[in-house]
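Peer 1: Predicted coordinates and the sequence they were generated for:
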Amino acid sequence: KAKTINKFLGSKFTVRSSMGHVRDLPANKLAVNVEKDFEPEYRIMPKRREMVKSLKAEVKDADEVYLAPDHDREGEAIAWHLCQALDIPDKKARRVVFNEITEEAIKNAFEHPVGIDMDKVNAQQARRILDRLVGYKISPLLWKKITKGLSAGRVQSVAVRLLVEREKEIRAFKPVEYWNIVARLRSKGARDKGFEAKLWKQEDSEVQIGNEAAAAGLVETLKDSKYIVGVISKQRKLNKPLPPFTTSQLQQQAAIQLNFSTKRTMLVAQQLYEGVELKGGPMGLITYMRTDSYNVSKEAVTACRRLIPGMFGDGYLPQKPNYYAARKGAQQAHEAIRPTSVEIIPESIKQYLTRDQHRLYELIWRRFVASQMTPAEYETIDVTINAGSYKFKAKGKMIVFPGHNILTESIQEEPLPDVQEGEELKLIELVPSQHFTEPPPRYTEASLVKILERKGIGRPSTYSVIISTIQDRGYVQRENKTLHPTELGILVTEKLVKHFPKVLNVEFTSHMEEELDKVEEAKLDWVGVLREFYTPFQEDLKSAVEEMESEKVTPEGTDIKCGKCGSPMVVRWSRAGKFLGCSAFPKCKFTMDIGGNNKPRTAEATGEVCEKCGSPMVIKAGRMGRFLACSAYPECKNAKSLPTGVKCPKEGCGGDVVQRRSKRGRRFYGCSNYPKCNFTAFKLPEGSAAASPD
């Protein structure tokens, strides 16, 4: 970002990056004076001290200091903290805001600087303090009542609650058997494979088939029937294009179409926004990626409308531009996510982008261009086929004019052969099939983002962080693209719902988000918002300290023997959840992953081979989480951390970055070649930092 901006501004300016926040609440204490209007105690972050010292010296000699963090609450807070930390006088400070990192946008922003928006800063402060109060007041209670290392979060805990409630629905669900019967039919004399029609009604009542015997009886009845085409109903419909992406919609579609996690989507979007090295130099390729607005600048709409006729034809351009209604509560100062220059076709810059960058840019480009195209026109065809007193139905769909569908491919054709009313058809076969009603699906990252947005929990800048945090804390696991609450997540959620009903209430969390929005709009005082929250919260906290039942029970005995020393195994708790540990601990530290009924879970095959003995490597789990281990244990004790798929960034190392846990339970990343390579970090070389307790 700094490099791209420097290129546009030239030698008159020195451009430096603060690498995000330079001040924050210290991690070793609450750092909020509740009695003094929730006064925060900010400190220079240890990892930023040298940078602040260096920046302070440069600022001292500068005539003017332009502050250009992102145009949102966090960005405004960063600008304010920089002024405080670097002792920048008001007469020197200039705040510049822009929605895209292009030469025109940057120069325009620097020609029209503004002041720091303290309403935005106060909204950010209020959110930060709210999260600190919840995290630092409830977490120690969980350590005392359940196990060390646990944490609670004001918004994250509500997200976990949604997952836990869905899990309970799934576990309580009782499937009901039902059967369908499909007839494969074709016109007499035709040689094609025919088409399918589903048994629908008998007379005017829908057919319901509850078991195999009933299905077999119907097949027997229907096999000798005549199949006559009844009513053919055709209807023309329009499918309008969707608006350009907001943050949540980008995350959802990137998950569905590209199989990206929310974290991966936001990382790649950040790269596209901050600037990519193209033939002519660095350039930001998309507008700011944290937004809930459908707004698009007139210039961008005009450029898009110029492009469409030449690329697709005049019929694909509507007479007037497409505009999309503002969403409730959206920040209208922001734009939707779009290409900064629609003329930059994805294929033309493929050689300059990584595979992830190209795929995400193409997704954004296609959605934006499609948003200014004509609707797709299609025809639906419903054919009723009579078989005595029974009726079958066949459905088809044909595209009449593709419109935006030429880019989005959101409509798929379902052709039906041309049949006539009254025509007798030839029955090829009758196929009965067994089905069961299904429980509600588990949330994916995409569907969780959708429900969080719908219920007003979090904001565009927080969805990715919420989903990463609940997984990092061991409350949720991602398996086969779906999110599963762990036993620990269920236990903690049940405790919090019982003793902190307001904090864990979805509607109340949404209400607090609206209150923070009003602080940003200068409609509410931030201290008043904190006071409204804290007074009842303090009462709940006092009650919970006295009434919350302890889960720190004596380790539960089992009839399983330790694979190392032969002592009985017992059920224990850790931050990673329940596990089987040796009763002779600490003399014997043997552990096993726990499954249903407190039995050992079957190890998960990986396809890898142990480099020490040649046996298969399997995934196991212990008190510190999941890891790779040799299946020949205890004869072979080879074990290592699970790989992340990222190579070690140290030059010449060649190792893989793996996820580990410290003795205190905190996740970090290290090199698989340790101790030869001592690389460690709290974030992946391509990812974001691990979350703090609040």
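Peer 2: Arrived safely, thanks for sending. Numbering: from 1, shown residues only.
Peer 1: okay, CA-based contacts and neighbour counts for the rest of this
Peer 2: OK.
Peer 1: tell me what the host helix or strand of A159 is packed against?
Peer 2: Secondary structure assignment for A159, by DSSP states H and E: helix 156-172. Applying 3 or more C-alpha pairs under 8 Å, 6 or more residues apart in numbering; DSSP states H and E, we find helix 156-172 packed against helix 463-472, strand 482-485, helix 487-499.
Peer 1: mind listing what's buried in the last one?
Peer 2: Judged by neighbour count using 16 or more other C-alpha atoms under 10 Å, the buried positions of helix 487-499 are 487-497, 499.
Peer 1: In a markdown table, list the helices and strands packed on helix 156-172 along with mean pLDDT and distance to G75.
Peer 2: Compiled in a markdown table, the helices and strands packed on helix 156-172 are given as follows (pLDDT from 0 to 100; distance: least, C-alpha to C-alpha, whole Å):
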| stretch | mean pLDDT | distance to G75 |
| --- | --- | --- |
| helix 463-472 | 92 | 16 |
| strand 482-485 | 94 | 31 |
| helix 487-499 | 94 | 32 |
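Peer 1: between the ones you listed, which gets nearest to G210?
Peer 2: Set against G210 and scored by C-alpha to C-alpha, those come closest in strand 482-485, at 30.4 Å.
Peer 1: residues in contact with the closest one?
Peer 2: By C-alpha atoms under 8 Å, 6 or more residues apart in numbering, the list of residues contacting strand 482-485 from outside reads 160, 163-164, 167, 442-445, 475-478.
Peer 1: Run the angle between the helix or strand where V449 lies and helix 463-472 for me.
Peer 2: When secondary structure is defined by DSSP H and E, V449 falls within helix 445-454. Between helix 445-454 and helix 463-472, the angle comes out at 120 degrees (axes from the mean of the first three to the mean of the last three C-alpha atoms, to 10 degrees).
Peer 1: just the buried residues of helix 487-499 now: which is nearest A2?
Peer 2: Among these, G489 lies closest to A2 (C-alpha to C-alpha), at 40.6 Å.
Peer 1: Tell me where the stretch 151-300 of the chain is predicted with low confidence.
Peer 2: When the per-residue scores of the stretch 151-300 of the chain are filtered using pLDDT under 70, no range remains.
Peer 1: what are the ranges of the helices in it?
Peer 2: 156-172, 212-222, 247-258, 262-274, 298-312 (DSSP state H, counting those that start in this stretch).
Peer 1: quick one, the fourth one and helix 445-454 angle?
Peer 2: For the pair helix 262-274 and helix 445-454, the angle between their directions (the same axes, to 10 degrees) equals 80 degrees.
Peer 1: next one: the second one
Peer 2: For the pair helix 212-222 and helix 445-454, the angle between their directions (the same axes, to 10 degrees) equals 100 degrees.
Peer 1: Which neighbouring elements make contact with helix 212-222?
Peer 2: In terms of contacts (3+ C-alpha pairs under 8 Å, 6+ apart), helix 212-222 is packed against strand 177-187, strand 424-436.
Peer 1: Just send the helices and strands packed on helix 156-172 back as CSV, with distance to P417 too.
Peer 2: CSV is the format used below for the helices and strands packed on helix 156-172 (distance: least, C-alpha to C-alpha, whole Å):
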stretch, distance to P417
helix 463-472, 47
strand 482-485, 39
helix 487-499, 53
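Peer 1: still on that earlier bit, from the chain's centre, how far out does the helix holding V449 sit?
Peer 2: In terms of C-alpha atoms, centre = their mean, to the nearest Å, the centre of helix 445-454 is set 8 Å apart from its chain centre.
Peer 1: what packs against that helix?
Peer 2: With 3+ C-alpha pairs under 8 Å, 6+ apart as the test, helix 445-454 has helix 247-258, helix 463-472 packed against it.
Peer 1: again, only this time at 10 Å
Peer 2: With contacts taken as 3 or more C-alpha pairs under 10 Å, 6 or more residues apart in numbering; DSSP states H and E, helix 445-454 sits against helix 156-172, helix 247-258, helix 262-274, helix 463-472, strand 482-485, helix 506-520.
Peer 1: Next, the buried residues of that helix.
Peer 2: Of the residues in helix 445-454, those buried under the neighbour-count criterion (16+ other C-alpha under 10 Å) are 445-450, 452-453.
Peer 1: go on, stretch 269-285?
Peer 2: Residues of stretch 269-285 classed as buried: 269-270, 272-276, 282-285 (neighbour count, 16+ other C-alpha under 10 Å).
Peer 1: And the helices and strands packed on helix 212-222: which comes nearest L363?
Peer 2: strand 424-436 (36.0 Å).
Peer 1: angle of that closest one against helix 212-222?
Peer 2: Angle between the axes of strand 424-436 and helix 212-222 is 180 degrees (criterion: the same axes, to 10 degrees).
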